[in-house]
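Student: Need a 3D model of the following:
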Amino acid sequence: MKKQGVKERIIETASDLFYNQGFNQTGINQIIAEAGVAKASMYQHFRSKEDIAVAYLIARHSMWMGKLNDSVSVQNTPKGKVIGCFDYLLEWLNEVNFRGCGWQNIITDLPIDHDKIRDQAIHHKNDLRLWIQKQLKDEGKYESSEELGDEILILIEGAIILSQIQKEKWPITAAKKACIKLLN
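Tutor: Residues are numbered from 1 along each chain as shown. As a prediction, this is how the structure comes out:
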């Protein structure tokens, strides 16, 4: 097995810390110490904690969308894939003990001037939005796949945050039922 490089160790360590502790509660010195890298090495790869957070969110986006696509690949129809999103959410949120969405978490903990991080959160949410809309368009039976997709995205996002607050799966289950009603 290939040994992780400095950059990868920093991203992996920061990813865990940002997700579990929060952006503001995680310091550069903690990232450096837990990644086992020298401060100079860290600054060779990243100019700031914000740049580390951007790398974390880019990697998280790729991982999250990949797992979503893998999870719904068992579905035979685009409509099935959209409904299958909620099964993925249940699996994922259960796996992380209902810690919630990395993008929702970081954006609520974000200093006002960190636009690069905000841009990554917007990118992820817009990409998920377009993914849903594409599935609905591919289904070919919905007059306004954009509007319907937005309604489903709101169900997803609301269910994620409510399940995090409640530490329960019922918000995801309820949102799935609402989604099925919208799609029928």
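
Student: Any stretches of this structure with poor pLDDT?
Tutor: Within the chain, the set of residues satisfying pLDDT under 70 comprises 1-2.

Student: all helices of the chain, in order?
Tutor: 6-21, 28-35, 39-45, 49-72, 78-95, 102-108, 115-139, 145-166, 170-183 (DSSP state H).

Student: With mean neighbour count added, can I get those in TSV?
Tutor: The way it works is simple: take the backbone N, C-alpha and C, and place the C-beta from them, glycine included. TSV is the format used below for the helices of the chain (neighbours: other Cβ atoms under 10 Å):
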stretch	mean neighbour count
helix 6-21	19
helix 28-35	16
helix 39-45	14
helix 49-72	17
helix 78-95	19
helix 102-108	19
helix 115-139	17
helix 145-166	18
helix 170-183	17
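
Student: got the contact list for stretch 13-27?
Tutor: 30-31, 34-35, 49, 52-53, 55-56, 59-60, 96, 99, 102, 105-106, 109-111, 117 (Cβ atoms under 8 Å, 6 or more residues apart in numbering).

Student: That one: end-to-end distance?
Tutor: The first residue of stretch 13-27 is 12 Å away from its last residue (Cα to Cα, to the nearest Å).

Student: Centre of the chain to that stretch, how far?
Tutor: 15 Å (Cα atoms, centre = their mean, to the nearest Å).

Student: Same question for stretch 85-102.
Tutor: How far stretch 85-102 lies from its chain's middle: 10 Å, per Cα atoms, centre = their mean.

Student: Just the CA trace of that stretch, in CSV.
Tutor: C-alpha atoms of stretch 85-102 as CSV (Å, rounded to 0.1, in the frame of the first residue of the first chain):
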residue,chain,number,x,y,z
CYS,A,85,-31.8,9.1,-2.9
PHE,A,86,-33.6,8.9,0.4
ASP,A,87,-32.4,5.3,1.0
TYR,A,88,-28.9,6.6,0.4
LEU,A,89,-29.5,9.4,2.9
LEU,A,90,-30.7,6.9,5.5
GLU,A,91,-27.6,4.7,5.0
TRP,A,92,-25.2,7.6,5.1
LEU,A,93,-26.7,9.4,8.0
ASN,A,94,-26.9,6.3,10.1
GLU,A,95,-23.2,5.5,9.2
VAL,A,96,-22.1,9.0,10.6
ASN,A,97,-24.4,8.8,13.6
PHE,A,98,-26.7,11.6,12.2
ARG,A,99,-23.8,14.1,12.1
GLY,A,100,-25.5,15.7,9.1
CYS,A,101,-24.3,17.3,6.0
GLY,A,102,-20.7,18.5,5.8
